[in-house]
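**Student:** Show me the folded form of this:
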Amino acid sequence: MPKGLASHLPSLPPHVFREIFHYLSHAEHIYKGEYLYQRAYRPPLPQWTAVSRVCRFWREIALEYPRLWTEIPITKSIHPTFTPEDVDEVTSLFLSRSKRLPLCIRGLELFLAQDLGALKLVLPELARIESLDIGLTSRVFQLFAAQYLPARTLQTLHVRNHATAEVLHRFLLCLQTCTLKELTFSVPETYYQSLPWARGLFPLTLTRLVIGKNTFVRTKPWVVACALGCMLSLEELELHGMFRTSISSYYTDPKPVHHNTPCFLPRLKCLYLSACAGASCSFVDLLVVPALCQISLGLLSCSDAHTPSLVDLINKRIRCGEVNTLSIGSRGIGFYTKTPGPQPAPCHFYLTALPDIGTILPVLSILSLHTITVLSLHSLSPPTRPNWVILLSHTPNITHLTLTSSSQAVSPLAWSTESLLDVLLACYALRPTRVVPYPVLILPKLKTICMTGVDVDGRGTGTSSIGVVGWLCAVLRSRIESGVPVEELVLERCVNADKGAVGRLVEVVRVVCIE
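**Tutor:** Just a heads-up that it's a prediction; the model follows:
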(Lines give C-alpha, C1' and ligand atoms only; values in the text may rest on other atoms or scores of the structure.)
Protein backbone atom coordinates (compact mmCIF):
# COMPACT_ATOMS: atom_id res chain seq x y z
CA MET A 1 0.00 0.00 0.00
CA PRO A 2 1.46 3.44 -0.88
CA LYS A 3 2.86 5.43 2.04
CA GLY A 4 0.29 7.80 3.55
CA LEU A 5 -2.68 6.11 1.89
CA ALA A 6 -3.65 4.07 4.96
CA SER A 7 -4.40 7.21 7.01
CA HIS A 8 -7.03 8.31 4.46
CA LEU A 9 -8.77 4.96 3.99
CA PRO A 10 -10.89 4.99 7.19
CA SER A 11 -12.36 8.33 6.12
CA LEU A 12 -14.04 6.73 3.09
CA PRO A 13 -17.74 5.93 3.63
CA PRO A 14 -18.58 2.21 3.95
CA HIS A 15 -20.65 2.14 0.73
CA VAL A 16 -17.53 3.11 -1.26
CA PHE A 17 -15.59 0.25 0.30
CA ARG A 18 -18.42 -2.12 -0.51
CA GLU A 19 -18.35 -1.27 -4.20
CA ILE A 20 -14.56 -1.62 -4.27
CA PHE A 21 -14.74 -5.01 -2.56
CA HIS A 22 -17.45 -6.18 -4.92
CA TYR A 23 -15.36 -5.22 -7.93
CA LEU A 24 -12.26 -6.98 -6.55
CA SER A 25 -14.06 -10.18 -5.62
CA HIS A 26 -16.40 -10.39 -8.60
CA ALA A 27 -16.00 -13.91 -9.90
CA GLU A 28 -17.01 -13.75 -13.53
CA HIS A 29 -15.30 -12.03 -16.44
CA ILE A 30 -16.56 -12.75 -19.94
CA TYR A 31 -14.31 -12.14 -22.92
CA LYS A 32 -15.93 -12.18 -26.35
CA GLY A 33 -13.69 -14.10 -28.64
CA GLU A 34 -14.03 -16.91 -31.14
CA TYR A 35 -16.28 -18.78 -28.70
CA LEU A 36 -18.50 -16.52 -26.66
CA TYR A 37 -19.50 -19.28 -24.30
CA GLN A 38 -15.97 -19.57 -22.89
CA ARG A 39 -15.59 -17.88 -19.50
CA ALA A 40 -12.53 -16.85 -17.53
CA TYR A 41 -13.38 -17.70 -13.94
CA ARG A 42 -11.86 -16.51 -10.67
CA PRO A 43 -13.08 -18.25 -7.48
CA PRO A 44 -14.48 -15.60 -5.11
CA LEU A 45 -13.20 -17.03 -1.81
CA PRO A 46 -9.46 -16.25 -2.32
CA GLN A 47 -10.38 -12.79 -3.64
CA TRP A 48 -12.53 -12.07 -0.60
CA THR A 49 -9.87 -13.42 1.77
CA ALA A 50 -7.23 -11.12 0.26
CA VAL A 51 -9.48 -8.10 0.86
CA SER A 52 -10.74 -8.97 4.33
CA ARG A 53 -7.39 -9.84 5.89
CA VAL A 54 -6.05 -6.28 5.45
CA CYS A 55 -7.66 -4.99 8.64
CA ARG A 56 -10.62 -5.54 10.95
CA PHE A 57 -12.41 -2.47 9.56
CA TRP A 58 -12.36 -3.88 6.04
CA ARG A 59 -13.44 -7.31 7.27
CA GLU A 60 -16.43 -5.94 9.17
CA ILE A 61 -17.64 -4.00 6.14
CA ALA A 62 -17.23 -7.04 3.88
CA LEU A 63 -19.07 -9.37 6.27
CA GLU A 64 -22.10 -7.07 6.32
CA TYR A 65 -22.33 -6.64 2.54
CA PRO A 66 -24.54 -9.39 1.00
CA ARG A 67 -23.53 -8.67 -2.62
CA LEU A 68 -20.07 -10.06 -1.90
CA TRP A 69 -21.61 -13.47 -1.21
CA THR A 70 -24.06 -13.94 -4.07
CA GLU A 71 -21.71 -15.74 -6.51
CA ILE A 72 -21.37 -19.28 -5.24
CA PRO A 73 -19.15 -21.94 -6.85
CA ILE A 74 -20.50 -25.33 -5.79
CA THR A 75 -17.58 -27.45 -6.99
CA LYS A 76 -14.00 -27.94 -5.85
CA SER A 77 -12.91 -25.12 -8.16
CA ILE A 78 -13.66 -22.79 -5.25
CA HIS A 79 -10.25 -23.82 -3.91
CA PRO A 80 -7.86 -26.51 -5.27
CA THR A 81 -7.27 -28.12 -1.84
CA PHE A 82 -10.91 -28.29 -0.72
CA THR A 83 -12.67 -31.58 -0.04
CA PRO A 84 -16.40 -32.01 -0.85
CA GLU A 85 -17.11 -31.36 2.84
CA ASP A 86 -15.20 -28.07 2.66
CA VAL A 87 -17.22 -27.04 -0.40
CA ASP A 88 -20.47 -27.79 1.45
CA GLU A 89 -19.36 -25.69 4.41
CA VAL A 90 -18.37 -22.71 2.27
CA THR A 91 -21.61 -22.96 0.27
CA SER A 92 -23.65 -22.78 3.49
CA LEU A 93 -21.60 -19.76 4.57
CA PHE A 94 -22.20 -17.95 1.28
CA LEU A 95 -25.94 -18.69 1.38
CA SER A 96 -26.34 -17.34 4.89
CA ARG A 97 -24.42 -14.14 4.17
CA SER A 98 -26.10 -13.42 0.81
CA LYS A 99 -29.39 -12.71 2.64
CA ARG A 100 -32.21 -12.78 0.05
CA LEU A 101 -30.35 -11.30 -2.92
CA PRO A 102 -30.37 -12.99 -6.37
CA LEU A 103 -27.73 -15.72 -6.68
CA CYS A 104 -25.21 -16.72 -9.35
CA ILE A 105 -24.42 -20.45 -9.07
CA ARG A 106 -21.33 -21.98 -10.72
CA GLY A 107 -21.44 -25.76 -11.07
CA LEU A 108 -20.11 -26.70 -14.51
CA GLU A 109 -17.91 -29.43 -13.00
CA LEU A 110 -20.67 -31.47 -11.36
CA PHE A 111 -19.65 -34.86 -12.71
CA LEU A 112 -19.42 -37.20 -9.71
CA ALA A 113 -22.06 -38.10 -7.12
CA GLN A 114 -19.82 -37.06 -4.21
CA ASP A 115 -19.71 -33.50 -5.57
CA LEU A 116 -23.47 -32.97 -5.32
CA GLY A 117 -23.67 -32.05 -1.63
CA ALA A 118 -23.35 -28.32 -2.31
CA LEU A 119 -25.99 -28.53 -5.06
CA LYS A 120 -28.45 -30.03 -2.57
CA LEU A 121 -27.85 -27.03 -0.29
CA VAL A 122 -28.43 -24.55 -3.14
CA LEU A 123 -31.56 -26.04 -4.74
CA PRO A 124 -33.98 -24.90 -2.00
CA GLU A 125 -32.97 -21.37 -3.09
CA LEU A 126 -33.88 -22.06 -6.75
CA ALA A 127 -36.49 -19.30 -6.74
CA ARG A 128 -33.80 -16.63 -6.29
CA ILE A 129 -31.12 -18.02 -8.63
CA GLU A 130 -30.49 -15.45 -11.39
CA SER A 131 -27.58 -17.12 -13.19
CA LEU A 132 -26.82 -20.84 -13.29
CA ASP A 133 -23.86 -22.71 -14.78
CA ILE A 134 -24.51 -26.41 -14.43
CA GLY A 135 -22.90 -29.69 -15.48
CA LEU A 136 -25.98 -31.70 -16.39
CA THR A 137 -26.10 -35.44 -15.62
CA SER A 138 -29.05 -37.73 -14.93
CA ARG A 139 -28.37 -37.44 -11.19
CA VAL A 140 -28.29 -33.64 -11.33
CA PHE A 141 -31.61 -33.65 -13.19
CA GLN A 142 -33.19 -35.86 -10.53
CA LEU A 143 -32.22 -33.36 -7.84
CA PHE A 144 -33.77 -30.49 -9.79
CA ALA A 145 -36.93 -32.45 -10.59
CA ALA A 146 -37.49 -33.24 -6.89
CA GLN A 147 -37.68 -29.56 -5.89
CA TYR A 148 -41.05 -28.54 -7.35
CA LEU A 149 -39.87 -24.93 -7.19
CA PRO A 150 -40.14 -22.56 -10.18
CA ALA A 151 -37.00 -20.69 -11.24
CA ARG A 152 -38.83 -17.37 -11.16
CA THR A 153 -35.74 -15.14 -11.50
CA LEU A 154 -33.47 -17.30 -13.70
CA GLN A 155 -32.11 -15.21 -16.61
CA THR A 156 -28.84 -16.90 -17.64
CA LEU A 157 -28.31 -20.66 -18.01
CA HIS A 158 -25.12 -22.39 -19.18
CA VAL A 159 -25.49 -26.16 -19.58
CA ARG A 160 -22.40 -28.33 -19.99
CA ASN A 161 -24.26 -31.42 -21.05
CA HIS A 162 -23.46 -35.02 -20.08
CA ALA A 163 -27.02 -36.31 -20.39
CA THR A 164 -29.32 -37.67 -23.07
CA ALA A 165 -31.63 -35.57 -25.22
CA GLU A 166 -34.64 -36.69 -23.18
CA VAL A 167 -33.00 -35.65 -19.90
CA LEU A 168 -32.00 -32.27 -21.34
CA HIS A 169 -35.52 -31.59 -22.61
CA ARG A 170 -37.08 -32.57 -19.28
CA PHE A 171 -34.52 -30.46 -17.43
CA LEU A 172 -35.48 -27.33 -19.37
CA LEU A 173 -39.16 -28.03 -18.72
CA CYS A 174 -38.72 -28.66 -15.00
CA LEU A 175 -37.11 -25.25 -14.46
CA GLN A 176 -40.54 -23.67 -15.04
CA THR A 177 -39.09 -20.29 -15.91
CA CYS A 178 -40.55 -17.54 -18.03
CA THR A 179 -37.65 -15.14 -17.45
CA LEU A 180 -34.75 -16.97 -19.16
CA LYS A 181 -32.84 -14.63 -21.51
CA GLU A 182 -29.51 -16.37 -22.23
CA LEU A 183 -28.97 -20.08 -22.89
CA THR A 184 -25.61 -21.70 -23.69
CA PHE A 185 -24.92 -25.35 -24.50
CA SER A 186 -21.43 -26.82 -24.41
CA VAL A 187 -19.73 -30.16 -23.79
CA PRO A 188 -16.23 -31.06 -22.53
CA GLU A 189 -13.55 -31.17 -25.21
CA THR A 190 -13.28 -34.98 -25.08
CA TYR A 191 -17.04 -35.55 -25.09
CA TYR A 192 -19.36 -35.80 -28.09
CA GLN A 193 -23.12 -35.43 -27.88
CA SER A 194 -25.81 -35.93 -30.50
CA LEU A 195 -28.89 -34.08 -29.33
CA PRO A 196 -31.65 -33.92 -31.96
CA TRP A 197 -33.00 -30.60 -33.15
CA ALA A 198 -36.64 -30.07 -32.23
CA ARG A 199 -39.07 -27.21 -32.52
CA GLY A 200 -40.08 -25.93 -29.09
CA LEU A 201 -36.94 -27.19 -27.32
CA PHE A 202 -35.74 -23.68 -26.45
CA PRO A 203 -37.69 -21.18 -24.30
CA LEU A 204 -39.38 -18.50 -26.38
CA THR A 205 -38.17 -15.77 -24.01
CA LEU A 206 -34.51 -16.19 -25.09
CA THR A 207 -32.61 -13.18 -26.40
CA ARG A 208 -29.26 -15.03 -26.71
CA LEU A 209 -28.61 -18.64 -27.72
CA VAL A 210 -25.13 -20.17 -28.01
CA ILE A 211 -24.67 -23.78 -29.13
CA GLY A 212 -21.14 -25.16 -28.95
CA LYS A 213 -19.46 -27.83 -31.02
CA ASN A 214 -20.35 -31.50 -30.59
CA THR A 215 -23.60 -30.80 -28.74
CA PHE A 216 -26.37 -31.21 -31.33
CA VAL A 217 -26.58 -33.45 -34.37
CA ARG A 218 -24.92 -32.05 -37.48
CA THR A 219 -27.78 -31.69 -39.91
CA LYS A 220 -29.16 -29.67 -42.78
CA PRO A 221 -29.69 -25.89 -42.53
CA TRP A 222 -33.48 -26.09 -42.95
CA VAL A 223 -33.74 -28.43 -39.91
CA VAL A 224 -31.96 -25.90 -37.69
CA ALA A 225 -33.96 -22.99 -39.12
CA CYS A 226 -37.21 -24.85 -38.44
CA ALA A 227 -36.19 -25.44 -34.80
CA LEU A 228 -35.42 -21.74 -34.31
CA GLY A 229 -38.30 -20.29 -36.31
CA CYS A 230 -40.57 -19.49 -33.37
CA MET A 231 -37.98 -17.55 -31.30
CA LEU A 232 -39.18 -14.05 -32.08
CA SER A 233 -37.27 -12.41 -29.18
CA LEU A 234 -33.84 -13.75 -30.19
CA GLU A 235 -31.15 -11.04 -30.56
CA GLU A 236 -27.89 -13.06 -30.59
CA LEU A 237 -27.38 -16.49 -32.14
CA GLU A 238 -24.19 -18.59 -32.29
CA LEU A 239 -23.97 -21.98 -33.96
CA HIS A 240 -20.61 -23.77 -33.90
CA GLY A 241 -20.19 -26.64 -36.36
CA MET A 242 -23.92 -27.39 -36.63
CA PHE A 243 -24.14 -28.24 -40.34
CA ARG A 244 -22.88 -31.21 -42.31
CA THR A 245 -19.60 -30.57 -44.07
CA SER A 246 -20.72 -32.13 -47.37
CA ILE A 247 -22.76 -29.59 -49.32
CA SER A 248 -23.73 -32.19 -51.96
CA SER A 249 -26.18 -33.87 -49.57
CA TYR A 250 -28.22 -30.64 -49.40
CA TYR A 251 -29.21 -31.08 -53.02
CA THR A 252 -29.44 -34.92 -53.28
CA ASP A 253 -31.33 -35.81 -50.08
CA PRO A 254 -35.14 -35.68 -50.20
CA LYS A 255 -36.56 -32.55 -48.58
CA PRO A 256 -39.96 -32.06 -46.98
CA VAL A 257 -42.38 -29.48 -48.32
CA HIS A 258 -41.50 -26.94 -45.62
CA HIS A 259 -37.72 -27.01 -46.17
CA ASN A 260 -37.88 -23.56 -47.81
CA THR A 261 -40.09 -22.02 -45.13
CA PRO A 262 -38.55 -18.70 -44.01
CA CYS A 263 -37.34 -18.40 -40.44
CA PHE A 264 -38.45 -15.02 -39.04
CA LEU A 265 -36.09 -13.57 -36.41
CA PRO A 266 -37.27 -9.93 -36.35
CA ARG A 267 -35.03 -8.79 -33.46
CA LEU A 268 -31.80 -10.56 -34.39
CA LYS A 269 -28.74 -8.28 -34.05
CA CYS A 270 -25.80 -10.73 -34.24
CA LEU A 271 -25.43 -14.08 -36.00
CA TYR A 272 -22.28 -16.24 -35.88
CA LEU A 273 -21.96 -19.47 -37.88
CA SER A 274 -19.04 -21.88 -37.95
CA ALA A 275 -19.47 -24.17 -40.96
CA CYS A 276 -18.61 -24.60 -44.63
CA ALA A 277 -19.59 -21.66 -46.81
CA GLY A 278 -22.32 -23.48 -48.71
CA ALA A 279 -24.14 -24.63 -45.58
CA SER A 280 -23.85 -21.21 -43.92
CA CYS A 281 -25.20 -19.42 -46.98
CA SER A 282 -28.09 -21.89 -47.25
CA PHE A 283 -28.98 -21.20 -43.62
CA VAL A 284 -28.76 -17.42 -43.98
CA ASP A 285 -30.99 -17.60 -47.08
CA LEU A 286 -33.71 -19.12 -44.90
CA LEU A 287 -33.55 -16.29 -42.37
CA VAL A 288 -35.61 -13.12 -42.44
CA VAL A 289 -33.63 -10.70 -40.26
CA PRO A 290 -33.24 -6.91 -39.91
CA ALA A 291 -31.10 -5.25 -42.58
CA LEU A 292 -28.45 -4.17 -40.06
CA CYS A 293 -28.09 -7.59 -38.43
CA GLN A 294 -24.38 -8.41 -38.03
CA ILE A 295 -23.47 -11.69 -39.72
CA SER A 296 -20.14 -13.45 -39.07
CA LEU A 297 -19.09 -16.63 -40.84
CA GLY A 298 -16.26 -18.83 -39.61
CA LEU A 299 -15.14 -20.72 -42.72
CA LEU A 300 -13.80 -24.23 -42.17
CA SER A 301 -11.42 -24.19 -45.15
CA CYS A 302 -9.72 -21.67 -47.39
CA SER A 303 -11.43 -23.09 -50.49
CA ASP A 304 -14.78 -22.00 -49.02
CA ALA A 305 -13.91 -18.42 -49.94
CA HIS A 306 -14.37 -19.27 -53.63
CA THR A 307 -17.95 -20.53 -53.21
CA PRO A 308 -20.33 -18.59 -55.54
CA SER A 309 -23.08 -18.65 -52.92
CA LEU A 310 -20.75 -16.82 -50.54
CA VAL A 311 -20.13 -14.07 -53.09
CA ASP A 312 -23.88 -13.70 -53.62
CA LEU A 313 -24.47 -13.47 -49.87
CA ILE A 314 -21.82 -10.77 -49.39
CA ASN A 315 -23.25 -8.74 -52.26
CA LYS A 316 -26.72 -8.92 -50.68
CA ARG A 317 -25.37 -7.86 -47.28
CA ILE A 318 -23.48 -4.91 -48.80
CA ARG A 319 -26.57 -3.72 -50.64
CA CYS A 320 -28.93 -3.96 -47.64
CA GLY A 321 -26.70 -1.82 -45.40
CA GLU A 322 -24.83 1.45 -45.92
CA VAL A 323 -21.42 -0.21 -46.01
CA ASN A 324 -18.50 2.19 -46.33
CA THR A 325 -15.54 0.44 -44.66
CA LEU A 326 -13.59 -2.65 -45.67
CA SER A 327 -11.27 -4.15 -43.05
CA ILE A 328 -8.75 -6.86 -43.95
CA GLY A 329 -6.81 -8.60 -41.19
CA SER A 330 -4.70 -11.67 -40.59
CA ARG A 331 -7.79 -13.79 -39.91
CA GLY A 332 -10.47 -12.41 -42.16
CA ILE A 333 -12.33 -9.53 -43.79
CA GLY A 334 -15.09 -7.32 -42.44
CA PHE A 335 -17.57 -4.87 -43.94
CA TYR A 336 -18.72 -2.02 -41.69
CA THR A 337 -21.66 0.34 -41.93
CA LYS A 338 -21.92 4.11 -41.67
CA THR A 339 -22.86 5.51 -38.27
CA PRO A 340 -23.51 9.11 -37.25
CA GLY A 341 -21.29 10.59 -34.55
CA PRO A 342 -17.92 9.47 -33.15
CA GLN A 343 -19.01 5.95 -32.14
CA PRO A 344 -17.25 3.06 -33.98
CA ALA A 345 -19.23 1.58 -36.84
CA PRO A 346 -20.83 -1.82 -36.24
CA CYS A 347 -19.58 -4.75 -38.29
CA HIS A 348 -22.16 -5.60 -40.94
CA PHE A 349 -20.58 -8.77 -42.32
CA TYR A 350 -17.44 -10.65 -41.29
CA LEU A 351 -15.51 -13.65 -42.65
CA THR A 352 -12.91 -15.46 -40.55
CA ALA A 353 -10.27 -18.13 -41.23
CA LEU A 354 -8.92 -16.47 -44.38
CA PRO A 355 -5.13 -16.68 -44.04
CA ASP A 356 -3.79 -14.32 -46.69
CA ILE A 357 -4.60 -11.72 -49.30
CA GLY A 358 -4.39 -14.34 -52.05
CA THR A 359 -7.36 -16.20 -50.56
CA ILE A 360 -9.42 -13.03 -50.19
CA LEU A 361 -8.81 -11.59 -53.66
CA PRO A 362 -11.04 -14.03 -55.61
CA VAL A 363 -13.94 -12.95 -53.39
CA LEU A 364 -13.25 -9.22 -53.47
CA SER A 365 -12.63 -9.12 -57.22
CA ILE A 366 -16.26 -10.15 -57.90
CA LEU A 367 -17.88 -7.82 -55.39
CA SER A 368 -19.20 -4.34 -56.02
CA LEU A 369 -16.99 -2.22 -53.76
CA HIS A 370 -17.77 1.27 -55.09
CA THR A 371 -19.38 2.34 -51.79
CA ILE A 372 -16.17 1.61 -49.84
CA THR A 373 -14.41 4.83 -48.80
CA VAL A 374 -12.27 3.50 -45.92
CA LEU A 375 -9.80 0.62 -46.30
CA SER A 376 -8.23 -0.73 -43.11
CA LEU A 377 -5.39 -3.26 -43.29
CA HIS A 378 -4.30 -5.14 -40.14
CA SER A 379 -1.01 -7.00 -39.73
CA LEU A 380 -1.05 -9.04 -42.91
CA SER A 381 1.57 -11.49 -44.07
CA PRO A 382 3.70 -10.27 -47.01
CA PRO A 383 1.74 -10.58 -50.29
CA THR A 384 3.06 -9.69 -53.71
CA ARG A 385 2.79 -6.24 -55.20
CA PRO A 386 0.41 -7.31 -58.03
CA ASN A 387 -2.05 -8.63 -55.42
CA TRP A 388 -2.17 -5.24 -53.71
CA VAL A 389 -2.65 -3.51 -57.04
CA ILE A 390 -5.60 -5.78 -57.87
CA LEU A 391 -7.19 -5.11 -54.48
CA LEU A 392 -6.70 -1.34 -54.57
CA SER A 393 -7.95 -1.10 -58.15
CA HIS A 394 -11.27 -2.64 -57.04
CA THR A 395 -11.80 0.10 -54.45
CA PRO A 396 -11.55 3.31 -56.52
CA ASN A 397 -13.43 5.53 -54.05
CA ILE A 398 -11.11 5.03 -51.07
CA THR A 399 -10.40 8.32 -49.25
CA HIS A 400 -8.83 6.88 -46.07
CA LEU A 401 -6.17 4.16 -45.96
CA THR A 402 -5.32 2.75 -42.51
CA LEU A 403 -2.37 0.44 -41.80
CA THR A 404 -2.80 -0.90 -38.26
CA SER A 405 -0.74 -3.22 -36.11
CA SER A 406 -2.66 -5.80 -34.10
CA SER A 407 -3.18 -4.88 -30.44
CA GLN A 408 -2.39 -8.51 -29.52
CA ALA A 409 0.93 -8.57 -31.34
CA VAL A 410 4.03 -9.34 -29.35
CA SER A 411 5.86 -6.45 -30.89
CA PRO A 412 4.81 -3.15 -32.46
CA LEU A 413 6.41 -4.40 -35.69
CA ALA A 414 3.46 -6.70 -36.43
CA TRP A 415 3.29 -5.19 -39.91
CA SER A 416 6.25 -6.67 -41.74
CA THR A 417 8.31 -4.13 -43.64
CA GLU A 418 7.78 -6.14 -46.83
CA SER A 419 3.99 -5.90 -46.47
CA LEU A 420 4.12 -2.19 -45.78
CA LEU A 421 6.37 -1.44 -48.73
CA ASP A 422 4.21 -3.58 -51.01
CA VAL A 423 1.21 -1.39 -50.18
CA LEU A 424 3.17 1.79 -50.75
CA LEU A 425 4.57 0.49 -54.03
CA ALA A 426 1.04 -0.33 -55.16
CA CYS A 427 -0.04 3.22 -54.33
CA TYR A 428 3.06 4.39 -56.23
CA ALA A 429 2.07 2.53 -59.43
CA LEU A 430 0.48 5.42 -61.29
CA ARG A 431 1.26 4.28 -64.83
CA PRO A 432 1.03 0.93 -66.69
CA THR A 433 4.18 -1.15 -67.18
CA ARG A 434 5.08 -3.98 -69.53
CA VAL A 435 5.32 -6.49 -66.67
CA VAL A 436 1.94 -5.92 -64.99
CA PRO A 437 -0.92 -3.99 -66.62
CA TYR A 438 -1.44 -1.65 -63.68
CA PRO A 439 -4.38 0.75 -63.80
CA VAL A 440 -3.54 4.26 -64.90
CA LEU A 441 -4.17 5.53 -61.37
CA ILE A 442 -4.36 3.79 -57.98
CA LEU A 443 -6.70 5.21 -55.30
CA PRO A 444 -7.35 8.52 -57.12
CA LYS A 445 -9.46 9.91 -54.22
CA LEU A 446 -7.06 9.02 -51.39
CA LYS A 447 -6.77 11.93 -48.92
CA THR A 448 -5.53 10.39 -45.65
CA ILE A 449 -3.03 7.68 -44.74
CA CYS A 450 -2.96 6.52 -41.11
CA MET A 451 -0.25 4.23 -39.72
CA THR A 452 -0.50 2.67 -36.27
CA GLY A 453 2.26 0.71 -34.54
CA VAL A 454 4.54 0.32 -37.57
CA ASP A 455 8.24 0.96 -38.01
CA VAL A 456 8.41 4.01 -40.27
CA ASP A 457 12.16 3.56 -40.66
CA GLY A 458 11.99 -0.15 -41.55
CA ARG A 459 14.02 -1.57 -44.42
CA GLY A 460 12.71 -4.72 -46.04
CA THR A 461 14.68 -7.47 -47.71
CA GLY A 462 15.03 -7.03 -51.44
CA THR A 463 14.22 -3.31 -51.30
CA SER A 464 16.40 -0.28 -51.58
CA SER A 465 17.99 1.25 -48.51
CA ILE A 466 15.72 4.29 -48.42
CA GLY A 467 13.28 2.49 -46.09
CA VAL A 468 9.63 3.22 -45.39
CA VAL A 469 10.13 6.97 -44.94
CA GLY A 470 11.86 7.20 -48.30
CA TRP A 471 9.07 5.34 -50.06
CA LEU A 472 6.44 7.41 -48.29
CA CYS A 473 8.07 10.58 -49.53
CA ALA A 474 8.32 9.16 -53.06
CA VAL A 475 4.66 8.10 -53.07
CA LEU A 476 3.41 11.42 -51.67
CA ARG A 477 5.56 13.48 -54.04
CA SER A 478 4.48 11.43 -57.06
CA ARG A 479 0.81 11.89 -56.18
CA ILE A 480 1.33 15.66 -55.91
CA GLU A 481 2.87 15.67 -59.39
CA SER A 482 -0.07 13.63 -60.73
CA GLY A 483 -2.64 16.04 -59.29
CA VAL A 484 -4.04 13.63 -56.64
CA PRO A 485 -2.17 14.66 -53.47
CA VAL A 486 -2.61 13.02 -50.07
CA GLU A 487 -3.62 15.76 -47.64
CA GLU A 488 -2.74 14.17 -44.28
CA LEU A 489 -0.47 11.48 -42.84
CA VAL A 490 -1.27 10.27 -39.31
CA LEU A 491 1.45 8.43 -37.34
CA GLU A 492 -0.04 6.85 -34.21
CA ARG A 493 2.28 5.08 -31.76
CA CYS A 494 4.73 4.40 -34.58
CA VAL A 495 8.27 3.17 -34.00
CA ASN A 496 11.18 5.44 -35.06
CA ALA A 497 8.86 8.38 -35.79
CA ASP A 498 11.58 10.78 -34.64
CA LYS A 499 12.22 14.38 -35.67
CA GLY A 500 14.39 13.33 -38.59
CA ALA A 501 11.76 11.05 -40.13
CA VAL A 502 8.90 13.47 -39.49
CA GLY A 503 11.00 16.37 -40.83
CA ARG A 504 11.40 14.62 -44.17
CA LEU A 505 7.67 13.84 -44.39
CA VAL A 506 6.40 17.35 -43.59
CA GLU A 507 8.01 18.56 -46.80
CA VAL A 508 5.39 16.68 -48.84
CA VAL A 509 2.35 16.26 -46.53
CA ARG A 510 0.77 17.51 -43.32
CA VAL A 511 1.87 15.11 -40.56
CA VAL A 512 -0.07 14.40 -37.35
CA CYS A 513 1.79 12.44 -34.65
CA ILE A 514 -0.20 10.70 -31.90
CA GLU A 515 1.59 9.06 -28.99
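
**Student:** Buried residues, the helix or strand where L172 lies. List them.
**Tutor:** Per DSSP states H and E, L172 falls inside helix 165-174. For helix 165-174, the neighbour count (16 or more other Cβ atoms under 10 Å) marks 165, 167-169, 171-172, 174 as buried. Every residue, glycine included, has its C-beta placed from N, CA and C.

**Student:** least confident pick among those residues?
**Tutor:** Note: of these, the lowest pLDDT belongs to A165, at 77.

**Student:** For it, list the residues it contacts.
**Tutor:** Shown in contact with A165 (Cβ atoms under 8 Å, 6 or more residues apart in numbering): 194-196.

**Student:** Any chance of CSV for these, columns distance to L377 and pLDDT?
**Tutor:** Compiled in CSV, the contacts of A165 are given as follows (distance: Cβ to Cβ, whole Å; pLDDT from 0 to 100):
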residue, distance to L377, pLDDT
S194, 42, 70
L195, 42, 80
P196, 44, 83
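
**Student:** Just the buried residues of those residues.
**Tutor:** Buried among the contacts of A165 by 16+ other Cβ under 10 Å: L195.

**Student:** and which of the contacts of A165 is nearest to I514?
**Tutor:** L195 (51.1 Å; Cβ to Cβ).

**Student:** Across the sheet, point out what pairs with that closest one.
**Tutor:** Counting by DSSP bridges, L195 forms beta bridges with F216.

**Student:** was I right about it contacting T215?
**Tutor:** Yes. Counting by Cβ atoms under 8 Å, L195 does reach T215; the two are 6.1 Å apart.

**Student:** Next, show the common contact partners of these two.
**Tutor:** Taking Cβ under 8 Å, 6+ apart as the criterion, L195 and T215 both touch 161, 185.

**Student:** one step back: mind picking the two most distant members of the buried residues of helix 165-174?
**Tutor:** A165 and C174 (14.9 Å).

**Student:** Walk me through the domains of the protein.
**Tutor:** In the domain annotation for the chain, the residue ranges read 1-69, 373-515 (automatic domain parsing).

**Student:** I'd like to know which of those has the weakest mean confidence.
**Tutor:** Here the lowest mean pLDDT among the domains of the chain goes to domain 1-69, at a mean of 56.

**Student:** Next, give phi and psi for the closest residue to S405 other than its chain neighbours.
**Tutor:** Among residues not flanking S405 along the chain, G453 sits closest, at 3.0 Å (Cβ to Cβ, 6 or more residues apart in numbering). The phi/psi pair for G453 (degrees, to the nearest 10) reads phi 70, psi 30.

**Student:** What is the burial count for G453?
**Tutor:** When neighbours are counted by other Cβ atoms under 10 Å, G453 registers 21.

**Student:** Surely it and L491 touch.
**Tutor:** No. G453 is beyond contact range of L491, at 10.0 Å (criterion: Cβ under 8 Å).

**Student:** Count the neighbours of the closest residue in space to I129 that isn't next to it in sequence for me.
**Tutor:** Excluding its sequence neighbours, the residue lying closest to I129 (Cβ to Cβ, 6+ apart) is L103, at 4.9 Å. The tally of other residues near L103 (other Cβ under 10 Å) stands at 23.

**Student:** give the contact list for L103.
**Tutor:** L103 neighbours (Cβ under 8 Å, 6+ apart): 70-72, 122, 125, 128-131.

**Student:** got a winner among those residues for most neighbours?
**Tutor:** Each of these was scored for neighbours by other Cβ under 10 Å, and I72 scores highest at 27 neighbours.

**Student:** so it is in which element?
**Tutor:** Applying DSSP H and E, one finds I72 within strand 71-73.

**Student:** ok, and for the helix or strand just after that strand, which residues are buried?
**Tutor:** Going down the chain from strand 71-73, the next helix or strand is helix 84-97, by DSSP H and E. For helix 84-97, burial by neighbour count (16+ other Cβ under 10 Å) applies to 84, 87-88, 90-91, 94-95, 97.
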